[in-house]
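# Sequence plus the predicted model coming up.
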Amino acid sequence: MADLLALQRRELLLRELRAAGAVRVAELAARYAVSLGTIRRDLGELATSGALVRVRGGAVLPPGGAPGGPPADRQAVVAPRRPPPGGHRAAVRTIGLLVPSATRFYPPVISGVRAVAARHRARVVIALSDHGQPRDLAQIDELRALGASGLLVAPADGAETGPAVLDRLRATGLPFVLVERRPQDPYDPAEFVVSDHRKGAYAAVAHLAGLGHRRVALLARTGLTAGQVREGHAAAVRALGLAEDAPALVPDGPVAGAPAAAAVGDAFLDSCLASGVSAAVVAAEGDAIMLLQRLRARALRVPADLALVTCDDELAAVAEVPLTTVAPPKGRVGECATRLLLDRLDRPEQEPPRGVVMQPRLVVRRSCGAARD
């Protein structure tokens, strides 16, 4: 089983690397709830096979690998241009893309942006901020200096973008679209494309309730979507008449490292077992995978002893018990945001401000105990 899990993890590492161009040891360890040493060994094995090149703190694609991903040192990188049709030079639009991570959540968004940009013969310049040390303002200025024609921005300052970032974006004079972010002021006319994480959590609870579960717990670590998931869970519990005293655990701060994550998982399971909970919604699929391990350590089964639904779909299908999930349409978000920006570039005065909300999709697998869709 250990060898199988290692092979699955390495395949996922390669998938992320091909999508983003670079991966970091610390982010991967937190994502998969394993030690830094485990990730370093994985990268070492993959480097030996020639699948990647190790760099300080992570890995990048080897020469000739998939182009266009942001390297480990966070320098912006320009995706290759396609030659214009007809043999004459044409103006090439440049899309500046700012995201807080190249390895967590955003690789499908980046792929969606690049796909639409390629169809419209546009360049993509990618810059990284960081949730721990946001560099949004500096990176916005850097993208403008690199010649961006317009900006797609997922600031690291939170799920709602505040006036400081919006003021800096407007000061550039460039059109912009927020990606997986809304303006903090709901009446601000800034354009945005987001996944509806509240509705996703509601759908997860409704699915479990439809299977007969009346006590549905929630585990949502502190994060950009945790508050929205908690609101959707609470709304579904009320609307469906479920037990309102089921555990809803949201740790006060970030949980770093596998031992701390395991402690959170054990505390959550203790609460569930003590209160007769038969099902749980877990906001992060990494936490859901960790719960599978903690349940196995207690000789408990999924879904017989605890049914699980998570709220992402990057790792869920290859978990030891494939996880039912409400999957945010991350690739579609990237595609839609890019089309909005290109429309704005083509017709700057004609397009009204637009806000697009996309609903997650329920994907049924073994962890909830229902027949697969």
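That came in fine, so what should we check first? Quick caveat, the model's predicted, so the values are computed rather than measured.

# Which residue ranges of the stretch 201-350 of the chain form helices?
Along the stretch 201-350 of the chain, the stretches classed as helices by DSSP state H, counting those that start in this stretch are 226-239, 258-274, 285-297, 330-346.

# So what would you say the end-to-end distance of stretch 306-316 is?
Across stretch 306-316, the terminal residues are separated by 16 Å (CA to CA, to the nearest Å).

# contacts for stretch 337-344?
Residues from elsewhere that reach stretch 337-344, judged by CB atoms under 8 Å, 6 or more residues apart in numbering: 93, 95, 112-113, 116-117, 120, 122, 150-152, 175-177, 179, 191, 193, 351, 354, 356. Bear in mind the C-beta positions are built from the backbone N, C-alpha and C, glycine included.

# and Tyr187, how many neighbours?
Neighbour count of Tyr187, defined by other CB atoms under 10 Å: 5.

# Quick check, pLDDT for it.
Note on Tyr187: pLDDT of 92.

# In the helix or strand harbouring Glu16, which of the residues would be classed as buried?
In this structure, Glu16 is located in helix 2-20 according to DSSP states H and E. Buried positions in helix 2-20, judged by neighbour count with 16 or more other CB atoms under 10 Å: Leu5, Gln8, Arg9, Arg10, Leu12, Leu13, Leu14, Glu16, Leu17, Arg18, Ala19, Ala20.

# any idea how far Ala102 is from the nearest residue in space to Arg354 that is not next to it in sequence?
Leaving aside its chain neighbours, Arg354 sits nearest to Glu191 (5.4 Å; criterion: CB to CB, 6 or more residues apart in numbering). Distance from Glu191 to Ala102, counting by CB to CB, to the nearest Å: 24 Å.

# Same check on Arg365?
Arg365 is 27 Å from Ala102, by CB to CB.

# which one of the two has more residues nearby?
A count of neighbours by other CB under 10 Å puts Ala102 above the other of Arg365 and Ala102, at 25 against 20.

# wait, doesn't the more buried one sit right on Ser111?
No: judged on CB atoms under 8 Å, Ala102 makes no contact with Ser111 at a distance of 11.4 Å.

# What segments of the stretch 1-150 of the chain are strands?
Per DSSP state E, counting those that start in this stretch, the stretch 1-150 of the chain carries strands over the ranges 22-24, 53-55, 58-60, 77-78, 94-99, 123-128, 150-153.

# what's the helix holding Glu16 packed up against?
Applying 3 or more CB pairs under 8 Å, 6 or more residues apart in numbering; DSSP states H and E, one finds that helix 2-20 contacts strand 22-24, helix 25-32, helix 36-48, helix 107-119.

# Convert the C-alpha atoms of it to PDB, please.
Presented in PDB, the C-alpha positions along helix 2-20 are these (Å, rounded to 0.1, in the frame of the first residue of the first chain):
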ATOM      1  CA  ALA A   2       2.800   2.400   0.900                       C
ATOM      2  CA  ASP A   3       4.500   1.800  -2.500                       C
ATOM      3  CA  LEU A   4       1.200   2.400  -4.300                       C
ATOM      4  CA  LEU A   5       0.500   5.700  -2.400                       C
ATOM      5  CA  ALA A   6       4.100   6.900  -3.300                       C
ATOM      6  CA  LEU A   7       3.500   6.100  -7.000                       C
ATOM      7  CA  GLN A   8       0.200   7.900  -6.900                       C
ATOM      8  CA  ARG A   9       1.700  10.900  -5.200                       C
ATOM      9  CA  ARG A  10       4.600  11.100  -7.700                       C
ATOM     10  CA  GLU A  11       2.200  10.900 -10.600                       C
ATOM     11  CA  LEU A  12       0.300  13.900  -9.100                       C
ATOM     12  CA  LEU A  13       3.500  15.800  -8.600                       C
ATOM     13  CA  LEU A  14       4.400  15.300 -12.300                       C
ATOM     14  CA  ARG A  15       0.900  16.400 -13.200                       C
ATOM     15  CA  GLU A  16       1.200  19.600 -11.200                       C
ATOM     16  CA  LEU A  17       4.700  20.200 -12.600                       C
ATOM     17  CA  ARG A  18       3.500  19.900 -16.200                       C
ATOM     18  CA  ALA A  19       0.700  22.300 -15.600                       C
ATOM     19  CA  ALA A  20       2.600  24.900 -13.600                       C
END
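
# what's the angle between that helix and strand 94-99?
140 degrees (axes from the mean of the first three to the mean of the last three CA atoms, to 10 degrees).

# quick check: mean pLDDT across helix 2-20?
72.

# for stretch 114-121, same thing?
92.

# quick check, distance from it to the centre of its chain.
Averaging C-alpha positions (CA atoms, centre = their mean, to the nearest Å) puts stretch 114-121 21 Å from its chain's average.

# list the buried ones in it?
Within stretch 114-121, the residues that qualify as buried are Arg114, Val116, Ala117, Ala118, counting by 16+ other CB under 10 Å.

# What degree of burial does the closest residue to the first one other than its chain neighbours show, as a neighbour count?
The spatially closest residue to Arg114, leaving aside those adjacent along the chain, is Val124, at 5.5 Å (CB to CB, 6+ apart). Using other CB under 10 Å, the number of residues around Val124 comes to 22.

# Just the pLDDT at Val124, thanks.
90.

# In this model Arg93 seems to touch it, though I could be wrong.
No: between Val124 and Arg93 there is no contact under CB under 8 Å: 10.1 Å.

# My guess is Tyr202 contacts Ala234. True?
No: using CB under 8 Å, Tyr202 makes no contact with Ala234, being 9.4 Å away.

# Pick out whichever of those two has more residues nearby.
For the pair Tyr202 and Ala234, the greater number of neighbours falls to Tyr202 (24 against 17), based on other CB under 10 Å.

# Cool, thanks, signing off.
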